[in-house]
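**Student:** what's the 3D shape of this:
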Amino acid sequence: MADLKIMICGDLNGNIDQLYARVNKLKKKGQEFDLLFSVGNFFGDDNSDWAGYRNGTKKAPIQTYILGPNDPKHYSHYDVGSCDGFEFCENIIYLGKKGVFTTSGGLRVAYMSGMESPSGVTPSPKHCFSDADTAGLLKTLKVDCSDYKGVDILLTSQWPKGVTNFGNTLSGDKCLSCGSILLSKLVDEMRPRYHFAGLEEIYYERAPFRNHVVLKDKMSHVTRFLALAPLGNKDKQKYLYAFSIKAMATMTTVELHKQPDDTTENPFKKLLQQQESKSIPVITSDQFRWGVHQNNRKRKNAGDRNGVEKKASRPQDWSCWFCLGGEKVEKHLVASVGNLCYVAAAKGQLVPGHMLICPIAHHGSSLELPDDTAEEVKRYKKALSEAFASNNQHCVIFERNYKSDHLQIQVVPVPQAIAADAIKESIIDCASKQIDRQGRAINVDFAELPMRTNLNQVVSAGVPFFHIELPDGQRLFHKIGRYFPLQFGRESLAVPTVLNIPQRIDWRACTMPHEKEEQSTAQFRQFFNKFDFTLQEDGDSDLSD
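**Tutor:** Residues are numbered from 1 along each chain as shown. Predicted coordinates:
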């Protein structure tokens, strides 16, 4: 596979035209690049350049991924979309607060936006990250797995604290004590091959450092840290860094583990040993707060199904409505609990049997799911499909990764007499009639995904999307831009040609009293028992009535 040509730029501070003028100049010289990543502040005090890109009169000449916000005064630019990332305009994409994605060339890129949250401030301001955020990113990467090797690139706004330890000296005292201890811990565990940062207004290319202890640990690759200066800085320090990189997945062990002559010791090991270890709230699937005992029965084999070793604890967001360990979860709606996922009745069901498949841990979309969790999602999809088939129904399954912090895969049963093509037609027709909040027509175009195509092959992490699976296996995909109707999935199925229940488009108009929700869930649980693989494996249920 050919090397990827990447550009990294420091703080733009709103000087977008100047950056792209430089890119176009390089293009005219025959220097083509695949991607551009912007670290530090993309926006500044003067953002007059930005309007043309937002309204489409200007176009970025290269696909650009940005971080942020790093300052409260930039909130307004990011409030137009999801904190999980979105496409600002053509070729300019906000990656989101944190995450990881793999490029078409196989390059693995992780990112963490913003500044370390001040100690004791809860919740973290929108421009800050917490220890829960860094731990969550490490969990997504599965750094504890024996086959974990690292990532190709890490992008952060802030520097890691102590990165200059054992390294080449800086010009002056600036940044000798700056940076985030949480990022130091993140880099130490993540082991990126390259780490880029901004914000400190200087250029610093540190000598590579080891990710292993010589004669003690198994040999690993080195990490190269580079901080970029702002565009237009008065000292004319480097603000743009261009290089070619081969994805580590395609490299031989000898290539990957090469140690340059100027390689130093790891700058973070001793520093982190001096820090008191910090913990985040975590649960495993057999420790969710309300489910340890249910009707005086204890869950069996929660961590040892089919000989699978009990998984490591996974992070939770206690303020989330869908994290099973949180106080806000409506436990009376839960119908089945697996090792890593659960099934619950949708609030304000479109039709009886309208269910949600959710991960127990806090994952934002199906793109973020660890392999074991994704596999259990598939098992629940199959089990629900078989259950509804016994009732002469088939399933429409959809995911909206937009304005939602926790993955919810919605499963709606539809009579088998309604063909998949009729459902598809209703979706396309519904899409053609959408308008935004100002009453203007919006473009909701769907692409058909080929069989066996994974979502991560067509969309990068951090980009909002809507994905729907039809009963015959057809799949439709839409990459969301600035706006998407939140009730689209329900609306496209409520039409006269499918379910003919237009009065039930808005879930809030369909909610039931607590007692009726509890009764409805119990009825579904009884119906689903025969197909629930968790009961077949446990031989018991902690949710039975």
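**Student:** counting neighbours, what do you get for the nearest residue to residue 47 once chain neighbours are set aside?
**Tutor:** Spatial nearest neighbour of residue 47, excluding adjacent residues (Cβ to Cβ, 6 or more residues apart in numbering): residue 14 at 4.4 Å. The C-beta positions use only the backbone N, C-alpha and C, and glycine is treated the same way. Residue 14 sits with 20 neighbouring residues when counted by other Cβ atoms under 10 Å.
**Student:** and residue 14, which of the three is it?
**Tutor:** coil (DSSP: H, G, I helix; E, B strand; the rest coil).
**Student:** poorly predicted segments of the stretch 351-500 of the chain, please.
**Tutor:** Counting by pLDDT under 70, the stretch 351-500 of the chain has no low-confidence residues at all.
**Student:** show me where it has helices.
**Tutor:** 371-389, 420-431, 488-493 (DSSP state H, counting those that start in this stretch).
**Student:** contact partners for the residue nearest to residue 47?
**Tutor:** 42, 43, 44, 45, 46, 47, 48, 49, 50 (Cβ atoms under 8 Å, 6 or more residues apart in numbering).
**Student:** for the helices of the stretch 351-500 of the chain, give me a markdown table that also has mean neighbour count.
**Tutor:** A markdown table is the format used below for the helices of the stretch 351-500 of the chain (neighbours: other Cβ atoms under 10 Å):
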| stretch | mean neighbour count |
| --- | --- |
| helix 371-389 | 17 |
| helix 420-431 | 18 |
| helix 488-493 | 24 |
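**Student:** distance to residue 166 added to those helices, as JSON lines?
**Tutor:** Output for the helices of the stretch 351-500 of the chain, formatted as JSON lines (distance: least, Cβ to Cβ, whole Å):
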{"stretch": "helix 371-389", "distance to residue 166": "36"}
{"stretch": "helix 420-431", "distance to residue 166": "57"}
{"stretch": "helix 488-493", "distance to residue 166": "54"}
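**Student:** out of the ones you listed, the one nearest residue 482 is which?
**Tutor:** helix 488-493 (14.8 Å; Cβ to Cβ).
**Student:** follow-up on the earlier one: which stretch among the helices of the stretch 351-500 of the chain comes nearest residue 191?
**Tutor:** Once the helices of the stretch 351-500 of the chain are compared by Cβ to Cβ, helix 371-389 is nearest, at 19.7 Å.
**Student:** show me how far the closest one is from its chain's centre.
**Tutor:** Relative to its chain's centre, helix 371-389 lies at 21 Å (Cα atoms, centre = their mean, to the nearest Å).
**Student:** next: stretch 103-120.
**Tutor:** 10 Å.
**Student:** can you offset everything so residue one is 712?
**Tutor:** Right, with 712 as the first residue, what we last looked at is stretch 814-831.
**Student:** give me the phi and psi angles of residue 839.
**Tutor:** phi -130, psi 160 (degrees, to the nearest 10).
**Student:** distance of the nearest residue to it once chain neighbours are set aside from residue 847?
**Tutor:** Once flanking residues are discounted, residue 839 sits nearest to residue 828: 3.8 Å by Cβ to Cβ, 6+ apart. Separation of residue 828 from residue 847 (Cβ to Cβ, to the nearest Å) stands at 14 Å.
**Student:** neighbour count: the two, which is higher?
**Tutor:** More crowded of residue 828 and residue 847, by other Cβ under 10 Å: residue 847, with 25 against 20.
**Student:** helix or strand: which one has that one?
**Tutor:** Taking DSSP states H and E as the criterion, residue 847 maps to helix 842-852.
**Student:** next, the buried residues of stretch 803-816.
**Tutor:** 803-814, 816 (16 or more other Cβ atoms under 10 Å).
**Student:** one more: stretch 951-966?
**Tutor:** 951, 952, 956, 957, 958, 959, 962.
**Student:** next up, the contacts around the first one.
**Tutor:** This means residue 951. Residue 951 touches 718, 719, 720, 721, 730, 733, 939, 942, counting by Cβ under 8 Å, 6+ apart.
**Student:** identify the bridge partners of it.
**Tutor:** Residue 951 forms beta bridges with residue 720, as assigned by DSSP bridges.
**Student:** just the pLDDT at it, thanks.
**Tutor:** On the pLDDT scale, residue 951 is placed at 97.
**Student:** quickly find the element holding residue 907.
**Tutor:** Judged by DSSP H and E, residue 907 forms part of strand 903-908.
**Student:** which strands and helices sit next to that strand?
**Tutor:** Packing partners of strand 903-908 (3 or more Cβ pairs under 8 Å, 6 or more residues apart in numbering; DSSP states H and E): strand 862-867, strand 933-938, strand 951-956.
**Student:** one more pass at 7 Å, please.
**Tutor:** strand 862-867, strand 933-938 (3 or more Cβ pairs under 7 Å, 6 or more residues apart in numbering; DSSP states H and E).
**Student:** pull up the pairing partners for the following helix or strand past it, direction included.
**Tutor:** Next along the chain after strand 903-908, taking DSSP H and E as the criterion, comes strand 915-916. Strand 915-916 has its sheet partners listed here by DSSP bridges as strand 933-938 (antiparallel).
**Student:** quick one: average confidence on the strand it pairs with?
**Tutor:** On average, strand 933-938 scores 97.
**Student:** report the buried residues of that strand.
**Tutor:** For strand 933-938, by 16+ other Cβ under 10 Å, it's 933, 934, 935, 936, 937, 938.
**Student:** cool, and stretch 1234-1248?
**Tutor:** Buried residues in stretch 1234-1248 (16+ other Cβ under 10 Å): 1235, 1236, 1238, 1239, 1240, 1242, 1243, 1244, 1245, 1246.
**Student:** likewise for stretch 909-923?
**Tutor:** Buried positions in stretch 909-923, judged by neighbour count with 16+ other Cβ under 10 Å: 909-915, 917-923.
**Student:** for those, which one is nearest residue 1226?
**Tutor:** residue 910 (54.0 Å).
**Student:** and the pLDDT at the closest one?
**Tutor:** 94.
**Student:** what's the burial count for the residue lying closest to it once chain neighbours are set aside?
**Tutor:** Nearest residue to residue 910, sequence neighbours excluded (Cβ to Cβ, 6+ apart): residue 751, at 4.9 Å. Applying other Cβ under 10 Å, we find 29 residues neighbouring residue 751.
**Student:** would you mind measuring from residue 751 to residue 904?
**Tutor:** Residue 751 is 20 Å from residue 904, by Cβ to Cβ.
**Student:** which other residues reach stretch 838-850?
**Tutor:** Contact with stretch 838-850 is made by 780-783, 808-809, 821, 823, 825-828, 835, 893, 896-897, 900-901, 989, 991, 1025-1026, 1073, as judged by Cβ atoms under 7 Å, 6 or more residues apart in numbering.
**Student:** now, of these, which are buried?
**Tutor:** By 16+ other Cβ under 10 Å, the contacts of stretch 838-850 give 780-781, 808-809, 821, 823, 825-828, 835, 893, 896-897, 900-901, 991, 1025-1026, 1073 as buried.
**Student:** what comes up buried for stretch 786-803?
**Tutor:** So for stretch 786-803, counting by 16+ other Cβ under 10 Å, buried means 788-789, 792-800, 802-803.
**Student:** out of those, which two sit at the greatest distance?
**Tutor:** 794 and 802 (21.0 Å).
**Student:** can you list the buried residues of stretch 1234-1248 in CSV and add pLDDT and secondary structure?
**Tutor:** Putting the buried residues of stretch 1234-1248 into CSV (pLDDT from 0 to 100; DSSP: H, G, I helix; E, B strand; the rest coil) gives the following:
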residue, pLDDT, secondary structure
1235, 97, helix
1236, 95, helix
1238, 96, helix
1239, 96, helix
1240, 94, helix
1242, 96, helix
1243, 95, coil
1244, 94, helix
1245, 91, helix
1246, 88, helix
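**Student:** if we can go back for a sec, next one: the helix holding residue 847 to chain centre, how far?
**Tutor:** 11 Å.
**Student:** compute the mean per-residue pLDDT across it, please.
**Tutor:** Rounded mean pLDDT across helix 842-852 is 93.
**Student:** show me the shaky parts of the stretch 762-911 of the chain.
**Tutor:** Low-confidence segments of the stretch 762-911 of the chain (pLDDT under 70): 831-832, 883-888.
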